[in-house]
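J.: what's the 3D shape of this:
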Amino acid sequence: MAKLGHKGNGHGHVTETPDVSHVRNVDVTHELSDVNVPGILKFVGALVLMTVVVYVLMYLLFGFFNAQEARKESEAPPGPMAMTEQESLPPEPRLQAAKGFGVKLENGEWVTLEKREPQAEYRVVKKQWDLVLKEGPKDQSGNSAGLPIEQAMQKVLEGQGLPSRPPTPQEMTDFYTPTAASSGRVSEKVKE
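T.: Next comes the predicted model:
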């Protein structure tokens, strides 16, 4: 017997533990392995394989659905309430950074200015104005409707003067003077 020295209550009491290593129970045995490792590895492998197969099949299925939907959209006419891209834009005037912001030039050309610097609108319009000053105004069909500014100034300097309508004899004799009662808004006709 083994003796263990233990002073439990301080009186020097010694507890002895009997040796039971020779006792065997044939009905209770120790498991050599708690789990079946090859079976678990086969299960995990099959699970991973099935996951990959399901993923591939779902990918192909959604690809088929997307192609089918794209085919439907390209074949079907738009609904009667569907708006065009231009109709879906907010009404004018639009913010400079907003979608659909731009300038329509006099020749009908549309210049898109969305997401550009704020000065871009001024530069485009100024370029158009400079072109009108240099080449002269154009009518709807593109024909010249006036003189370029340089030619017009040259004609004035050459003495042709500015065109004006001569006054009628009636206009030469009628003078309008404001009255105190009208505070200058209405004039009285005075004959001289």
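J.: Following element in sequence after the worst-scoring helix or strand of the chain on mean pLDDT, please.
T.: Of all the helices and strands that make up the chain, the one with the lowest confidence by mean pLDDT, DSSP states H and E is strand 2-4; it has a mean of 51. Where DSSP states H and E defines the elements, the next helix or strand beyond strand 2-4 is strand 15-17.
J.: Please name every helix or strand in contact with that next one.
T.: Taking 3 or more C-beta pairs under 8 Å, 6 or more residues apart in numbering; DSSP states H and E as the contact definition, the neighbouring helices and strands of strand 15-17 are strand 2-4. To be clear about C-beta, it is placed using only N, CA and C from the backbone, and glycine gets the same treatment.
J.: need the strands for the protein, in chain order.
T.: Here the chain has its strands, by DSSP state E, at 2-4, 15-17, 102-104, 110-112, 174-178, 187-191.
J.: Stretch 154-168: end-to-end distance?
T.: Across stretch 154-168, the straight-line distance between its terminal residues is 30 Å, by C-alpha to C-alpha, to the nearest Å.
J.: and for that stretch, what are the contacting residues?
T.: With contact meaning C-beta atoms under 8 Å, 6 or more residues apart in numbering, stretch 154-168 is reached by Leu147.
J.: Distance-wise, check Glu158 relative to Glu135.
T.: Glu158 sits at a distance of 21 Å from Glu135 (criterion: C-beta to C-beta, to the nearest Å).
J.: which one of these two has more residues nearby?
T.: Here Glu158 and Glu135 are set side by side on neighbour count (other C-beta atoms under 10 Å), and the busier one is Glu135, at 13 against 8.
J.: For Met50, see how far away that one is.
T.: 76 Å.
J.: Report the distance from the lengthiest helix in the chain to the chain centre.
T.: In terms of residue count, the longest helix belonging to the chain (DSSP state H) is helix 37-75. Its chain's C-alpha centre and that of helix 37-75 lie 34 Å apart, by C-alpha atoms, centre = their mean, to the nearest Å.
J.: List the buried residues in that helix.
T.: Buried positions in helix 37-75, judged by neighbour count with 16 or more other C-beta atoms under 10 Å: none.
J.: and it, what's its mean pLDDT?
T.: Averaging the model's pLDDT scores along helix 37-75 yields 94.
J.: same deal with stretch 79-93?
T.: Per-residue pLDDT values over stretch 79-93 give a mean of 78.
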